[in-house]
Each structure stands twice: as structure tokens, then as C-alpha cells.
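**Student:** Below is the sequence, then the predicted model.
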Amino acid sequence: MIFATNVNKRFGKLKALDNVSFTCNKGQTISLIGPNGSGKTTIIKCLLGMVVPDSGFITFNDRNIIHDWKYRRHIGYMPQTGRFPDNMTIAQVFDMMKDIRREDTATFDEDLATAFQLNRIMDKRMRTLSGGTRQKVSAALAFLFNPDVLILDEPTAGLDPVSSEMLKDKIRKEKQKGKLILITSHILSELDDMVSEVIYLQEGKLLFHKSLDQLKKDTGEEKLVRAIARIMQANK
Amino acid sequence: MNKIIKYVILDILRNRIVLAYTVFLLAISLSVFNLEDTAGKGMLSLLNIVLIVLPLVSIIFSTIYVYNSTEFIELLLSQPLQRKRLVLSIFIGLTVSLLLAFLVGAGLPILFYSGSQAGLVLMATGMGLTIIFVALALLGSMITRDKAKGIGLAILLWFYFSLIYDGIVLFILFQFSDYPLEKISIVLGSLNPIDLGRIVVLLKMDISAMMGYTGAVFREFFGGTGGSLYACLIMLMWIFVPLWLAVRKFNRKDW
């Protein structure tokens, strides 16, 4: 479904992505793991076309994304920090997004908006919202259009435990429907029962892309946390 | 694309700067026409105000608006929209709202008090300058990420076009006053949209006789249909070159 081939990206002197190649298919739940600054968010932004790679190419359903923009109708994206126009209300943001993506969605999936009880604060302006509430809005927006691919960048960071559980339940539910889910998180324990594959990045390089079972077998650990800890130490 | 333009215009109308700008222009135009005893004199005063205020407001407001829409742009970039359309929508939204402000604030009084050819040319010039300076603002805000730098660049551009450039031209004209400079002064005039606008409007008024020999050359060059066409073409170039560069920059920008 998504092919990335030899993607390179430099930000000034910093090499953010160094010859990264990987494949993602429908039905997989892939976790991007790596230390801070290892290029996880850059990869995600490349997939979305928000960052343009210096070289290499990415295809989505066999179409190069450089000359295509329609592929984004299949993607729901939840950024690391939800940034919204300050003087729009939540309702206006939702209406605008629905307006923009009206053609490609028949029904809206408002499960999360309901679960987070966003309808009670619909007329609040975005600048007055707390960080957690903003996260709830971006999560609700990512799932709103029932997309085939979900890209979640640190989805539970900043959410309270109850909301975080609600979101994880929702992710599991979407996984059951056979969607491709890409997720980054530093809280590895919560990924354990969710992900099927792991992509490990370090200093912009892709170290490995394995299934979770394979990873556990290779490291001899039962938990993802310990498996990753072992790898991080081995690479020091 | 229309949807985005709609949201941009709604957003601009919601912060009341453009409304204040309209009222300000309206107050100035009305007072200028009522203070002077002939409409011609009123036009002349209005011309000077339009040439200073219009570019300043257009470039500063647009620059700040583009920087403040970073969140809006980021939000929409991850949606199924074409980058080019997104940036063009912002450009069109800004242009339409500022043009509306100008047409209501200065256009209506001009039509009411002096609906002559000079009045129409002044309106066209004002509209052209508004679009040009929105395009320049867009380009400026694509060049630098830093808001303070971007606004500084916008002020500098305005300074250059309304003051520094004239200083340079005067310097050249005085230094080389022994040589025939009439043709060169036409070229120099077209290199600055504000100067070009001033020349074109002044030629439609009766006072161009006071501009001496150069005025006569200008009259001969810009007076005919060919000259008007040339002026229009230069103005269009001043719109499309910065706009094209800005779209190119935007297409390759990382967010």
C-alpha cells in the first residue's frame, strides 16, 4: 500500500532521513520507534507530503505522491501537537474539515467526538483549549472520515488516562476492520497488544523492520519494552 | 478551492482590521474631497495618500496574516488539497478582501465626486497596487520562517518602493543631468509599480504640463493606447512574477 524507497532528507547540516526504505500493507499496525530526533515525525510528514524529500520516492497505492494529492483522502492524520487556527471554534473546525472532505466520505465516524464529549464545548475557540483538549480534537478529526490509513504521531501524549484508554480502544477497533495504522509512541507498554510490526529508527537510519513476534524471538524478550531496551543498549 | 477562499475571507472579516481600514479610507477620501474646492485638487491629495497608505497596509497586513495562518496551512496540508490551490486561495482571499476595502473606502467617493477618466485610472492603479503588494507580501513570507524577520522584510520593501527608490532615481537624474535621460526615466518609472502608478494617474490630470520636458516625453509615451497597454502589462508582471515565485517556494516548503 505504501512504499518508501531510499528516502533522504536533510535539514541544513542535520541528516534527518538517511536512505530510508520500507513497505506498509493493509491490515498491518506498524509502530515507529526510535530515540528523540531519530526521524519518526519526518517520515510521517514525508508520507503526508508536508515535508518534501530531497531524493527517493514514496508511492501510495502505486502512485508517486509527489504529483498526487488526492491520495490524502485515504489518510487520517493526528499530529504530535494539534495546531489549529486560533480564532475558530471547535464546531467551525469540524465543519470546515467536513466541507473540504465531503466528496470522499459518505458517513462520518463521530465515535471519538462523542466519547470525548466534544459536543459540550463545540463553541469554544481553539486558542482557549488546553493541550489535552486539542489532542482530543485532532484525534476525533483523524478518525472522522473513516480513512483506510491512520497515521498517529504520539496519540496518547497529553491525554488523561481515561481518554487515552478510549483512544486506544478506538485504535484497536479500527485495527479489527483491517486498516493500516502507523503509530509512534514512547510509551512502549501501550503498544504491546496493538502493533503487529515494528520499524526502528536511529539517527535517520532505518535499523530494522520486523514483525513483533520475530522481534520477540530475536531478542528473547516477552515484552516490547524490554526488547527495545535491549536493542538500544546494543546500539550504544 | 472556492471553499478555502471562503474560509480565508471569513477569517479576515472576523478580525476587524480590514473593516477599520475601509472606514479609514472612507474618512480620508470624504474629507479630502470636501476640504478641497475642486474635485481635481481632491484627487491629487487622494493620489498621494493612496500611493503611500495602500501599499503599506496591503503588504504589512498580508504578511502578518500569512504568518498567523501557519496553523491553518498546516492543518489543511494534511488534507486532500493541492498545495498550489491552498496558497492561491490564501492569495485570492487576501486580495479580494483588501480590494473590497479599497473599492468601498476610496472607490465609491472617487466615483461620486469625480467620475472622470482620471478617477477611473486612480481606481485601477489602487487596485493594481493592492494586488501587487499582496503578492510581494506572500513572497516575503515564503522566504523567511521567522515572523519578525518577515515583517521587517515587508517594511523594508515598502520603504524601498515608496522612498528609497525615488531617492536613487533623483540621484541618477541629478548626476547625469547633462545627458538626455528621458528614455531612461521611462524605464526607471516602470521598475517601480508605485512610480508607474503615479505617472499614469498624473498624466490623466491636467497638471502634467507642470512636469516640464520629461512630462512631455511621458505624455507622448504613456498618453496613447500603446502606453496604457504597456503600463497595464508592467503592472501585471509585477503581480505575476512575485506570485509565481511565491507559489514555487510554497510548493517546496517543509512544514
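**Tutor:** Perfect, I can see it now.
**Student:** Quickly find the element holding the residue most central in space within chain A.
**Tutor:** Per CA atoms, centre = their mean, the C-alpha nearest to the average position across chain A is that of residue A:152, at 2.1 Å. Under DSSP states H and E, the secondary-structure element containing residue A:152 is strand A:149-153.
**Student:** does chain B sit close to that strand?
**Tutor:** No. Between strand A:149-153 and chain B, judged by CB under 8 Å from any CB of the partner chain, nothing touches; the nearest distance is 8.5 Å. Quick note: C-beta positions are derived from backbone N, CA and C, even for glycine.
**Student:** Output that strand as CSV, nothing but the C-alphas.
**Tutor:** Taking only C-alpha atoms (Å, rounded to 0.1, in the frame of the first residue of the first chain), the coordinates of strand A:149-153 have been written out as CSV:
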residue,chain,number,x,y,z
VAL,A,149,-4.9,4.6,6.7
LEU,A,150,-4.4,6.2,10.1
ILE,A,151,-1.2,8.0,10.9
LEU,A,152,-1.0,8.8,14.6
ASP,A,153,2.0,10.7,15.9
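**Student:** neighbouring contacts of it?
**Tutor:** A:1-2, A:40-41, A:44, A:47-48, A:74-80, A:139, A:142-143, A:171, A:174, A:179-184 (CB atoms under 8 Å, 6 or more residues apart in numbering or on different chains).
**Student:** for stretch B:162-182, same thing?
**Tutor:** Applying CB under 8 Å, 6+ apart, the set of residues contacting stretch B:162-182 from outside is B:51-52, B:55-56, B:184-185, B:188, B:191-192, B:194-195, B:213-214, B:217.
**Student:** Show me which of the residues you listed is closest to chain A.
**Tutor:** Closest approach to chain A among those (CB to the nearest CB): residue B:56, at 24.3 Å.
**Student:** Residue A:4 belongs to a strand?
**Tutor:** Yes. Residue A:4: assigned to a strand according to DSSP: H, G, I helix; E, B strand; the rest coil.
**Student:** Helices of chain A, residue ranges please.
**Tutor:** Ranges of helices in chain A, per DSSP state H, are A:40-48, A:90-100, A:111-115, A:131-144, A:161-176, A:212-219, A:224-234.
**Student:** So what does residue B:146 look like in phi/psi?
**Tutor:** For residue B:146, the backbone dihedrals (degrees, to the nearest 10) come out as phi -80, psi 130.
**Student:** Can you give me the buried ones in stretch B:89-108?
**Tutor:** By 16 or more other CB atoms under 10 Å in any protein chain shown, the buried positions in stretch B:89-108 come out as B:89-95, B:97-107.
**Student:** Take those and keep only those in helices.
**Tutor:** Using DSSP H, the members of the buried residues of stretch B:89-108 that fall within helices are B:89-95, B:97-102.
**Student:** Include distance to residue B:23 and pLDDT when you put those into TSV, please.
**Tutor:** Output for these, formatted as TSV (distance: CB to CB, whole Å; pLDDT from 0 to 100):
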residue	distance to residue B:23	pLDDT
B:89	27	93
B:90	24	93
B:91	25	95
B:92	24	95
B:93	21	93
B:94	19	94
B:95	20	95
B:97	14	94
B:98	14	94
B:99	16	95
B:100	13	94
B:101	9	94
B:102	12	94
